[in-house]
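Enquirer: Provide a 3D model corresponding to the input given below.
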Amino acid sequence: METIRLTTSQALVKFLNQQYIEIDGIETPYVEGVFNIFGHGNVVGIGQALQESPGHLKVYQGKNEQGMAHAAMAYSKQLNRRKIFAVTASAGPGSANMVTAAATAFANNIPMLLLPADTFATRQPDPVLQQLEHETSYAITTNDAFPAVSRYFDRIQRPEQLMSSLLRAFEVMTNPATAGPATLCISQDTEGEAYDYDVNFFQKRVHYINRQVPTTREIEGAIQRIQQSQRPVIIVGGGARYSEAAEILKALSLKHNIPLVETQAGKSTVTSAFENNLGGTGILGTSAANQVISETDLIIGVGTRYTDFTTSSKTAFDEKTAFLNININRMQTYKLEAFQVVADARAGLEAIANGLGDYTTTYGEDFRNYKAKWNVERERLANVKFNREAFTPEIKNQFDQTIMNEYADVLKTEFTQTAALITANETVKPDSIVIGSAGSLPGDLQRLWNTTVPHTYNLEYGYSCMGYEVAGALGAKLAAPEQEVYAALGDGSFLMLHTELVTALQYNKKINLLLFDNAGYGCINNLQMEHGSDSYHCELRDNNNTIMNINYAKVAEGYGAKGYTVSTKEELVAAIKDAEKQTVSTVIEIKVLPKTMSDGYDAWWHVGVSEVSDKASVLAANTTKEEKLQQAKKY
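Expert: Numbers count the residues shown, from 1 in each chain. Here you go, the predicted model:
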């Protein structure tokens, strides 16, 4: 056996350079590069190996461990999981900072390789810097937080363990049914230890992604259920996007007159321009999608996890609604007592389509009329005006007129959030990619952001993680360098995590931030007030109870970005047009009024409302909750 003597870290880097993926006969390198923040535990191990021989790997210096891991996730998501980044961080708090990002990738089924540094395998210098000490076990370290948020987890304490562990990690990451973060914690002394590795371990390795086809029983059962239904609806989930099922979805929809609705992960698989696409469904859904869902007798879920936002906490459906689930993950097919088709989304739909014959639904033009009505509503939201004398609330339990006027005076704006977002949507280039994650903007994005080019919507809503947006924009830009990328985020998310803006500037990867500043955490403020509470600790007010008016454009300029502050439609259009001409990253600070986002359109969300309270409004909200729960499906 021919061997090569390498350190564990050198073997890791050499292996990463030889991993390829093949889908539909197209072979590409799988690992694009490595995000890093070097510190003790990885700088003299993995850092040294990358410095000496990175191969084709592109190495980027991150600014926050969570942020750079979010960038890695967004990169893979934008490329439909066809490529990944590895992410390495120092021992202790550096590695702990990646746990949130790992959970975000886990919830969204997005692969990336996490390499958190660990303590010493020998334990000789224990306790080392940043090491936790447990009375019950020396084996417990910070990295024991990762198993719960990893699809695969291992701890490498001997150089030879790397071989079997890497093979297993890549099997998990390249398996569509288990895709997600793989975490290998390499002890810091092990990183530098040498071993005589078999040279065959470093030969080119291709991971083949075969499209799993459904069984004859599954195909026949699906066809039977569809043909027996009168008003079926297809929910387009993230699995449909990752399998590139757009063409078969459109063909099925047109031939059999079946409406399509979208989840956040599935949006832009089929563009908004497609006549039978009714948009987002559920709590963040359009009136058209939610109406057709309420009337359906069969839901065909394609690559969806059926989160509570998609199902309106299981209250969106009639009690007689049946379910047919097509998913590569068997666990997901069992949800809502559905008929199960375990298959690749595209392959499954193609197999079913061949047997549907001349079947057609009984909708006629009904659902297209629903979409026409929604388009009228969208136009209304694009032109909502603030009235200082008689503000018309867009949602329930608003601030009173005095507080609304106070916000208008301090922020120097009367711009509504819906008008601002639709203006941006209609101004950016059609192939621009929009990034989002948390707050009220995901609702407005799913409802109001119309896509005309596939795969231009990269929203993380499996975990709704504040802080994904800016880092995600960087990841998307790395994946699609020729397209403009816009992160739509609130001031709350910007304050929580925006440091990868500096990384974008450092490496000249231009991104654009659409920063909606309403001086608070508007989404959660809505939640508390809609359920009977007063506004409490969700506004940004100083110790004098004065609304804070932060100049985010100047913050951006301090980093070296181009900053804009706008408060009207005309100013926003001009800023976007000017930003397109820039070669550096831009931040467009949009001053908007709180409470001017879109509403729920007959959807309901189950949250834990207090059963005991001194406030009648809270008790009333709890009564409403109990009534709604009687309508919810119990599985």
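
Enquirer: for this protein, which helix is longest?
Expert: helix 366-382 (DSSP state H).

Enquirer: what's that helix packed up against?
Expert: With contacts taken as 3 or more CB pairs under 8 Å, 6 or more residues apart in numbering; DSSP states H and E, helix 366-382 sits against strand 277-280, helix 287-295, helix 417-427, helix 441-448. Where C-beta positions appear, they are placed from N, C-alpha and C, glycine not excepted.

Enquirer: average model confidence for stretch 594-608?
Expert: With pLDDT averaged residue by residue, stretch 594-608 scores 90.

Enquirer: please identify the most buried of the helices and strands packed on helix 366-382.
Expert: strand 277-280 (a mean of 28; mean count of other CB atoms under 10 Å).

Enquirer: which residues touch that one?
Expert: Strand 277-280 has contacts (CB atoms under 8 Å, 6 or more residues apart in numbering) with 259-264, 267, 270-272, 285-286, 288-289, 292, 367, 370-371, 374, 446-447.

Enquirer: stretch 198-205 - what's its average pLDDT?
Expert: According to the model, stretch 198-205 has a mean pLDDT of 97.

Enquirer: partner strands of the strand or helix carrying residue 85, parallel or antiparallel?
Expert: Assigned by DSSP states H and E, residue 85 belongs to strand 84-89. Strand 84-89 pairs in its sheet with strand 31-37 (parallel), strand 112-118 (parallel), by DSSP bridges.

Enquirer: what mean pLDDT does stretch 572-588 have?
Expert: 98.

Enquirer: domain assignment for this structure?
Expert: Listed domain ranges for the chain are 3-209, 216-374, 383-591 (source: automatic domain parsing).

Enquirer: of all those, which one comes closest to residue 601?
Expert: Minimum separation from residue 601 across those (CB to CB) falls at domain 216-374, 4.4 Å.

Enquirer: ok now the closest one, how far from the chain's centre?
Expert: On the basis of CA atoms, centre = their mean, to the nearest Å, domain 216-374 sits 21 Å off its chain's mean C-alpha point.

Enquirer: re earlier: want to throw the domains of the chain into JSON lines with distance to residue 614?
Expert: As requested, those are exported to JSON lines (distance: least, CB to CB, whole Å):
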{"stretch": "domain 3-209", "distance to residue 614": "36"}
{"stretch": "domain 216-374", "distance to residue 614": "27"}
{"stretch": "domain 383-591", "distance to residue 614": "11"}
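
Enquirer: out of these, flag the one nearest residue 623.
Expert: Among the domains of the chain, domain 383-591 sits nearest to residue 623 (CB to CB), with 10.2 Å.

Enquirer: tell me how far that closest one lies from the chain's centre.
Expert: That offset, for domain 383-591, works out to 16 Å (CA atoms, centre = their mean).

Enquirer: go on, stretch 54-64?
Expert: Distance, stretch centre to chain centre, for stretch 54-64: 23 Å (CA atoms, centre = their mean).

Enquirer: reformat the helices and strands packed on helix 366-382 as a markdown table; add mean pLDDT and distance to residue 61.
Expert: Shown next, in a markdown table, are these (pLDDT from 0 to 100; distance: least, CB to CB, whole Å):
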| stretch | mean pLDDT | distance to residue 61 |
| --- | --- | --- |
| strand 277-280 | 98 | 37 |
| helix 287-295 | 97 | 43 |
| helix 417-427 | 98 | 31 |
| helix 441-448 | 96 | 29 |
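
Enquirer: nearest to residue 592, out of the ones you listed?
Expert: Nearest to residue 592 among these is helix 417-427 (4.6 Å), distances taken as CB to CB.

Enquirer: show residues contacting the closest one.
Expert: In contact with helix 417-427 (CB under 8 Å, 6+ apart) are residues 378, 381-384, 394, 440-441, 444-445, 448-450, 486, 488, 514, 516, 518, 569, 572-573, 576-577, 590, 592-593, 596-598.

Enquirer: out of these, which are buried?
Expert: 378, 381-382, 384, 394, 440-441, 444-445, 448-450, 486, 488, 514, 516, 518, 569, 572, 576, 590, 592-593, 596-598 (16 or more other CB atoms under 10 Å).

Enquirer: picking that back up, out of the strands paired with strand 84-89, deepest packed?
Expert: Of those, strand 112-118 is the most buried (mean count of other CB under 10 Å), at a mean of 28.

Enquirer: after that one comes which helix or strand?
Expert: Next along from strand 112-118, by DSSP H and E: strand 152-156.

Enquirer: residues of that next one that come out buried?
Expert: Buried residues in strand 152-156, counted by 16+ other CB under 10 Å: 152-156.

Enquirer: picking that back up, can you redo the helices and strands packed on helix 366-382 as a markdown table with distance to residue 6?
Expert: What follows is the helices and strands packed on helix 366-382, written out as a markdown table (distance: least, CB to CB, whole Å):
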| stretch | distance to residue 6 |
| --- | --- |
| strand 277-280 | 50 |
| helix 287-295 | 54 |
| helix 417-427 | 50 |
| helix 441-448 | 45 |
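
Enquirer: between these, which one is closest to residue 34.
Expert: Nearest of these to residue 34, taken as CB to CB: helix 441-448 at 29.9 Å.

Enquirer: low-confidence ranges, the stretch 501-635 of the chain, go.
Expert: 634 (pLDDT under 70).

Enquirer: ok, 80 please
Expert: Regions of the stretch 501-635 of the chain meeting the criterion pLDDT under 80 cover residues 632-635.

Enquirer: just the helices in it please.
Expert: Ranges of helices in the stretch 501-635 of the chain, per DSSP state H, counting those that start in this stretch, are 522-530, 552-559, 569-581, 616-629.

Enquirer: could I get those helices as CSV with distance to residue 203?
Expert: Compiled in CSV, the helices of the stretch 501-635 of the chain are given as follows (distance: least, CB to CB, whole Å):
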stretch, distance to residue 203
helix 522-530, 51
helix 552-559, 44
helix 569-581, 46
helix 616-629, 57
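
Enquirer: just those helices: most buried one?
Expert: Mean neighbour count (mean count of other CB under 10 Å) peaks for helix 522-530 among the helices of the stretch 501-635 of the chain, with a mean of 20.

Enquirer: so, low pLDDT: which residues of this protein?
Expert: Within the chain, the segments meeting pLDDT under 80 span 390-399, 632-635.

Enquirer: still on that earlier bit, please, a PyMOL command that selects the buried ones among the contacts of strand 277-280?
Expert: In PyMOL, a selection of the buried entries from the contacts of strand 277-280 looks like this (16+ other CB under 10 Å):
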select buried, resi 259+260+261+262+263+264+267+270+271+272+285+286+288+289+292+367+370+371+374+446+447
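
Enquirer: which residue is the nearest non-sequential neighbour of residue 617?
Expert: residue 532 (3.4 Å; CB to CB, 6 or more residues apart in numbering).

Enquirer: so the one you found sits right up against residue 620, yeah?
Expert: Yes - assessed by CB atoms under 8 Å, residue 532 is found in contact with residue 620 at 6.2 Å.

Enquirer: give me the neighbour count for residue 435.
Expert: Applying other CB atoms under 10 Å, we find 32 other residues in the vicinity of residue 435.

Enquirer: and the strand or helix carrying it, what does it pack onto?
Expert: Here residue 435 sits within strand 433-436, counting by DSSP H and E. On a contact count with 3+ CB pairs under 8 Å, 6+ apart, strand 433-436 meets helix 441-448, strand 457-459, helix 468-479, strand 485-490.

Enquirer: in that strand, what counts as buried?
Expert: 433-436.
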